[in-house]
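Novice: how would this look folded up:
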Amino acid sequence: LKQMSASSSGTHVRLLPRLLPLILAVKAISLSSESMKIIDLARYPVKGMGLSQLTSVYIDGPGETFPDDRRFALLKKSRASKKEFDSNNPEWLHKENFLCAFSAPEMMARYECRYRIVKSRTDMVMSHGEPWDVVGGGSSSNGDESEETKRLLTIWKRDEDGKSQMETAGPVLGPIDLAQGTGRDELASFFSSVSGEEVVCVTAAESKQRHTHQFGNTRSGVKARGDTRTVHIINAETVKQFSDAIGIPLNPSRFRPNIVVEGMKPWAEFDLVGKSISVKDGEDGRLVLDVVSTTVRCEGVGVDPLDKSAGVLPIPALLSKHFPQYGPYLGVYAVVREGGRLTSGDTLTVCTDC
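Specialist: Sure thing, here's the model as predicted:
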């Protein structure tokens, strides 16, 4: 038996150099197959306002983002003269120029919204989200696209505890059609009144059909692709570890993500920067996202619109204190390389062949 054992051991030693490349290859496949499950999807049609939760989203093609995500913004007139917004040639502007969660977090957290894209024509492909958007139903007689696509926003005010009143009280505004100048004027008038600061509702003018300019908080898309449109991803496990560290429960929606995932280790999303993740959909092909940067946090996420009990939290300072190795960062930004469909419950996988 000793001779057999010695012989077997020698054989293993001789085989190890030959097996090493195979072992490394298997390990690489294992690492590249890291996956995460989508548990929430959302868009934010007006920069700084509440989320419009989705169960599924179709993104039409490369460079696009969630349908109408941050398509509209409330530009402060006091800053408009200093930094003019050109709707025909829009450029990225810092969030300090807008009435939003950064400049007025507590006030903006008082309101929640529901948003719907309603398109009557069936011969145009467009990004859309479920269950709210309605795509199809007929064609226009005069070809006027503005009559065919409505962008309907309805706003409710939360109660004093921050609880939703969508099902118990009437809206404070809407539905208004943000595809029309009159609808945007109504929105600006409402927030000028409640905030005490005059604002104007702005959006890109190039196309009423395609969402070509996003009023995002980051220049990551501009740096990566020369485009403002990005997709924001939050790891629920990271939020949980952060919550445990500060002793206060935090909802991932506080961080204003488009996608919330689970199934990864805390902070593992930072390792995705520079990689691609994808989801395979039999009907709409494979959606591919290129992860381009981590997300630096600001005071705009200091208030949780879904739970006001914690008050205002200095999120960037708390992140830096409890996780100095990461600094004031939580979440990642991605850009769409290939369009397709995302559905809550889907699995996103790190891919090496896309």
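Novice: Residue 345 - how many residues pack around it?
Specialist: Neighbourhood size, residue 345 [other C-beta atoms under 10 Å]: 10. Using the backbone N, CA and C atoms, a C-beta is placed for each residue, glycine as well.
Novice: Surely it touches residue 37?
Specialist: Yes: using C-beta atoms under 8 Å, residue 345 makes contact with residue 37 at a distance of 7.0 Å.
Novice: Leaving out sequence neighbours, find the closest residue to residue 37.
Specialist: residue 263 (4.7 Å; C-beta to C-beta, 6 or more residues apart in numbering).
Novice: Also residue 98?
Specialist: Closest to residue 98 by C-beta to C-beta, 6+ apart is residue 73, at 5.1 Å.
Novice: Please confirm that the one you found is located within a strand.
Specialist: Yes: counting by DSSP: H, G, I helix; E, B strand; the rest coil, residue 73 falls inside a strand.
Novice: I'd assumed residue 101 was in contact with it.
Specialist: No: using C-beta under 8 Å as the test, residue 73 is too far from residue 101 to be in contact (11.6 Å).
Novice: circling back to that earlier point, please name the bridge partners of the residue nearest to residue 98.
Specialist: residue 202 (DSSP bridges).
Novice: so who does the spatially most central residue of the chain touch?
Specialist: The residue lying closest to the centre of the chain (C-alpha atoms, centre = their mean) is residue 258, at 2.4 Å. Residue 258 is in contact with 41-43, 65-66, 69, 231-233, counting by C-beta atoms under 8 Å, 6 or more residues apart in numbering.
Novice: if you set the cut-off to 10 Å instead, what comes out?
Specialist: Counting by C-beta atoms under 10 Å, 6 or more residues apart in numbering, residue 258 touches 40-44, 51, 54, 57, 65-66, 69-70, 230-234, 333-334, 342.
Novice: Give me the subset of the residues you listed lying in strands.
Specialist: 40-43, 54, 57, 231-234, 333-334, 342 (DSSP state E).
Novice: and which of those residues is nearest to residue 240?
Specialist: Of all the ones in strands among the contacts of residue 258, residue 240 sits closest to residue 234, with 11.1 Å by C-beta to C-beta.
Novice: before we move on, back to that, so how far is residue 187 from the residue nearest to the centre of the chain?
Specialist: 22 Å (C-beta to C-beta, to the nearest Å).
Novice: So, low pLDDT: which residues of this protein?
Specialist: 1-34, 79-83, 121-126, 136-147, 206-209, 219-222, 224, 281-285, 308-309 (pLDDT under 70).
Novice: For it, which segments count as helices?
Specialist: 2-32, 77-80, 105-108, 145-148, 181-195, 220-225, 236-246, 315-322 (DSSP state H).
Novice: returning to that earlier point: from the ones in strands among the contacts of residue 258, which two are the most distant?
Specialist: 54 and 333 (18.7 Å).
Novice: I'd assumed residue 256 was in contact with residue 300.
Specialist: Yes: in this structure, residue 300 is within contact of residue 256 by C-beta atoms under 10 Å, at 7.9 Å.
Novice: which residues do those two both contact?
Specialist: Residues touching both residue 300 and residue 256 by C-beta under 10 Å, 6+ apart: 48, 101, 217.
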